[in-house]
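Trainee: Starting from these lines, generate the structure:
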Amino acid sequence: MKFYEYIAKKLFKDEGIPVLDGFVAYSPEEALEFTSKMETPVTLKSQVLVGGRGKAGGIKFADNPGEAFSIASDLLKMDIKGERVRHLLIEKKVNIKKEFFLSISIDRSNKKPVIITSSEGGVDIEELAQNSPEKINKYYVNPLEEFLPYETREIGRKIGMDNDLISSFGSIIWKLYQLFYKYDAQIAEINPLVLTDEGLIAIDAKLEVDNDSLFRHEDLLQLMEFKPKEFAFVKLGGTIAVIGNGAGLTLTGMDLIKYYGGSPATFFDIGGGASEETIKKALNMVLHYDPVKVVFLNVLGGITRADDVAKGVIHILKSSKRKTKMVIRLTGTNEKEGQRLLEEAGIPYEVSMEKAAKRAVDLCNSLENS
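Mentor: You can find the predicted model right below:
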């Protein structure tokens with residue numbers, strides 16, 4: 001499991017590794033609010049679980065709160081390697097004197113943790129290894145023996161670290177290894193670790209934990225705001241987003257879309273107790289998925305109330321800037337009230353799942369042929 005930078009930094013800080021204080025913003029308004037309280041200029045960093053965000057334009061600098069608002073508006077619309085930017089980490093911009101690379105991972109061929117360091121940070125380590133292998137140092141840790149602080153200082157000397165920095169550099173390595181071991185990590189990385197006026201600081205943080213160990217780390221799941229049962233959302237290659245309240249119902253809806261000649265864009269199970277807020281979140285997610293041309297919302301109300309579904313649909317259709325066609329199958333608990341709300345809002349619906357699926361496919365075909 002990968003963790004966002006701001007979560008990794010919290011864990012790094014708890015372990016005693018120096019990081020910058022920052023705020024997480026989910027909207028341009030929050031970016032404006034937080035930046036108004038901070039020392040400017042600031043750095044706005046897209047929080048995604050893929051690499052290369054800097055090269056993709058996902059990291060920007062702002063000199064004042066107004067500029068931060070404008071930049072945040074652009075960043076929160078970005079898609080980086082298929083991942084939508086939904087929140088930003090905002091930190092003060094620092095004066096960087098020197099950059100280093102520090103990473104701990106598992107070398108499976110040697111069956112040992114390996115500490116990789118370099119006097120050149122902020123670069124693609126694979127590219128550096130290919131072009132300048134002499135600039136990379138690898139140190140293998142024997143997992144059957146205690147890893148001691150003096151070993152970290154030797155690592156610093158081998159990459160030419162200045163004598164007055166060796167102690168603090170070694171301390172960071174040692175603390176990062178303790179974190180790596182503590183959380184059953186597959187990788188714990190700082191790229192770059194920078195030298196500033198305040199000393200060495202982890203300007204970035206990467207943490208990936210073995211999924212099989214997560215049962216031992218419920219605290220990590222809580223930090224990630226990980227809610228595996230809220231949604232089961234899988235992106236597919238088609239153009240019709242299929243949303244259902246239950247895995248079986250969602251799969252049946254997908255089968256019908258295929259049967260009538262369409263192609264599902266999503267498997268999206270919102271669960272059996274979906275609320276109005278859940279419907280809003282689900283629709284908002286698929287409406288921001290560019291391949292989607294038609295949304296097929298397939299709801300058989302049990303615990304889920306049809307009137308809550310209708311209210312969520314009406315809210316999203318009124319507030320969303322992207323006007324995507326929607327076909328709704330709505331029946332079950334409070335169906336009369338839900339259907340009445342849709343009728344009053346001028347939103348068509350079906351009671352038959354088969355009719356709704358065929359209608360979604362026909363609508364999608366008409367859009368593609370127009």
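Trainee: Give me the distance between residue 253 and residue 243.
Mentor: 8 Å (CB to CB, to the nearest Å). For every residue, glycine as well, the C-beta is placed using N, CA and C.
Trainee: How about residue 162?
Mentor: 58 Å.
Trainee: So for the two, which sits in the more crowded spot?
Mentor: Shown here are residue 162 and residue 243; by other CB atoms under 10 Å, residue 243 has more neighbours (27 against 10).
Trainee: Correct me if wrong, but that one is in a strand.
Mentor: Yes - secondary structure of residue 243 (DSSP: H, G, I helix; E, B strand; the rest coil): part of a strand.
Trainee: isn't it right up against residue 282?
Mentor: Yes - judged on CB atoms under 8 Å, residue 243 makes contact with residue 282 at a distance of 5.6 Å.
Trainee: overlap in contacts of these two?
Mentor: 268, 270 (CB atoms under 8 Å, 6 or more residues apart in numbering).
Trainee: picking that back up, mind listing the shared neighbours of residue 253 and residue 243?
Mentor: With CB under 8 Å, 6+ apart as the test, residue 253 and residue 243 both reach 296, 298.
Trainee: Give me the domain ranges for the chain.
Mentor: 21-92, 98-223, 232-369 (automatic domain parsing).
Trainee: nearest to residue 15, of those domains?
Mentor: domain 98-223 (4.6 Å; CB to CB).
Trainee: biggest helix in this protein, by residue count?
Mentor: In the chain, with assignment by DSSP state H, the single longest helix is helix 163-182.
Trainee: in it, what's buried?
Mentor: 166, 169-177, 179-180 (16 or more other CB atoms under 10 Å).
Trainee: Just checking the distance from that helix to the centre of its chain.
Mentor: Centre-to-centre, helix 163-182 and its host chain are 28 Å apart (CA atoms, centre = their mean, to the nearest Å).
Trainee: Sheet partners, orientation included, of the helix-or-strand element of the chain with minimal mean pLDDT?
Mentor: The weakest-scoring helix or strand in the chain, judged by mean pLDDT, DSSP states H and E, is strand 232-235 (a mean of 77). Partner strands for strand 232-235, per DSSP bridges, with pairing direction: strand 264-269 (antiparallel).
Trainee: Quick check: mean pLDDT of the strand it pairs with?
Mentor: Strand 264-269 shows a mean pLDDT of 91.
Trainee: residue ranges with poor pLDDT in the stretch 151-300 of the chain?
Mentor: 225-231 (pLDDT under 70).
Trainee: Check the offset of the longest strand seen in the chain from the chain's centre.
Mentor: Longest strand in the chain by number of residues, with DSSP state E as the criterion: strand 185-196. Taking CA atoms, centre = their mean, the mean C-alpha location of strand 185-196 is offset from the chain mean by 19 Å.
Trainee: How about that strand, which residues are buried there?
Mentor: Buried, per 16+ other CB under 10 Å, within strand 185-196: 185-186, 188-195.
Trainee: cool, and stretch 139-147?
Mentor: 139, 141, 147.
Trainee: Show me what it is in contact with.
Mentor: In contact with stretch 139-147 (CB under 8 Å, 6+ apart) are residues 107, 110, 112-115, 117, 151, 154-155, 158, 174, 177.
Trainee: and stretch 60-68, C-alpha only, in PDB?
Mentor: Presented in PDB, the C-alpha positions along stretch 60-68 are these (Å, rounded to 0.1, in the frame of the first residue of the first chain):
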ATOM      1  CA  LYS A  60       4.200  24.800  -8.300                       C
ATOM      2  CA  PHE A  61       5.300  27.800  -6.400                       C
ATOM      3  CA  ALA A  62       3.300  30.800  -5.300                       C
ATOM      4  CA  ASP A  63       4.500  34.200  -4.000                       C
ATOM      5  CA  ASN A  64       1.200  35.200  -2.300                       C
ATOM      6  CA  PRO A  65      -2.200  33.800  -1.200                       C
ATOM      7  CA  GLY A  66      -3.900  35.100  -4.400                       C
ATOM      8  CA  GLU A  67      -1.400  33.300  -6.600                       C
ATOM      9  CA  ALA A  68      -1.800  30.100  -4.400                       C
END
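Trainee: if we can go back for a sec, and the longest strand of the chain, what does it pack against?
Mentor: Contact analysis of strand 185-196 by 3 or more CB pairs under 8 Å, 6 or more residues apart in numbering; DSSP states H and E lists strand 98-107, helix 163-182, strand 199-202, strand 206-209 as its packing neighbours.
Trainee: what sits up against the first one?
Mentor: With CB under 8 Å, 6+ apart as the test, strand 98-107 has contacts from 112-123, 125, 128, 136, 140, 159, 161, 169, 172-173, 176-177, 180, 185-195, 200, 206.
Trainee: ok, back up a step: using a markdown table, please lay out the domains of the chain together with distance to residue 8.
Mentor: Putting these into a markdown table (distance: least, CB to CB, whole Å) gives the following:
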| stretch | distance to residue 8 |
| --- | --- |
| domain 21-92 | 10 |
| domain 98-223 | 4 |
| domain 232-369 | 23 |
